[in-house]
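**Q** This is a predicted model, with the sequence first.
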Amino acid sequence: AKAADQIARRRSWKTADGRFNVEADFVSLGAGKVKLRRVDNGKEITIDVEQLSAEDQAWVGSRKR
């Protein structure tokens, strides 16, 4: 199930202004920030939830259970 979960966490993330778009795996959510691991280089990046597109914010919200 780990591989399926990995796929479920992988998506193309976008900022609300559309200037940033990255293929990444969701790592964690805390203190209003999302941690992602880039698919291209494996580096972890952190972004404020409010900076994400509405679609990505909704996706993150659905994971907070």
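**A** Yep, it's here.

**Q** what's the offset of the longest helix along the chain from the middle of its chain?
**A** In the chain, taking DSSP state H as the definition, the longest helix is helix 54-63. Computed by CA atoms, centre = their mean, to the nearest Å, the separation of helix 54-63 from the middle of its chain amounts to 9 Å.

**Q** How about stretch 58-65?
**A** That offset, for stretch 58-65, works out to 10 Å (CA atoms, centre = their mean).

**Q** Between helix 54-63 and the longest strand seen in the chain, find me the angle.
**A** In the chain, ranked by residue count with DSSP state E as the criterion, the top strand is strand 21-30. Orientation note: strand 21-30 sits at an angle of 30 degrees relative to helix 54-63 (axes from the mean of the first three to the mean of the last three CA atoms, to 10 degrees).

**Q** Convert the C-alpha atoms of strand 21-30 to PDB, please.
**A** Provided in PDB are the C-alpha atoms of strand 21-30 (Å, rounded to 0.1, in the frame of the first residue of the first chain):
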ATOM      1  CA  ASN A  21       4.400  24.900 -10.600                       C
ATOM      2  CA  VAL A  22       6.300  21.800  -9.300                       C
ATOM      3  CA  GLU A  23       5.700  18.100  -9.500                       C
ATOM      4  CA  ALA A  24       6.200  16.900  -5.900                       C
ATOM      5  CA  ASP A  25       5.100  14.500  -3.200                       C
ATOM      6  CA  PHE A  26       3.200  15.800  -0.200                       C
ATOM      7  CA  VAL A  27       5.400  15.200   2.900                       C
ATOM      8  CA  SER A  28       3.600  17.000   5.800                       C
ATOM      9  CA  LEU A  29       1.500  19.900   6.900                       C
ATOM     10  CA  GLY A  30       2.100  22.000  10.000                       C
END
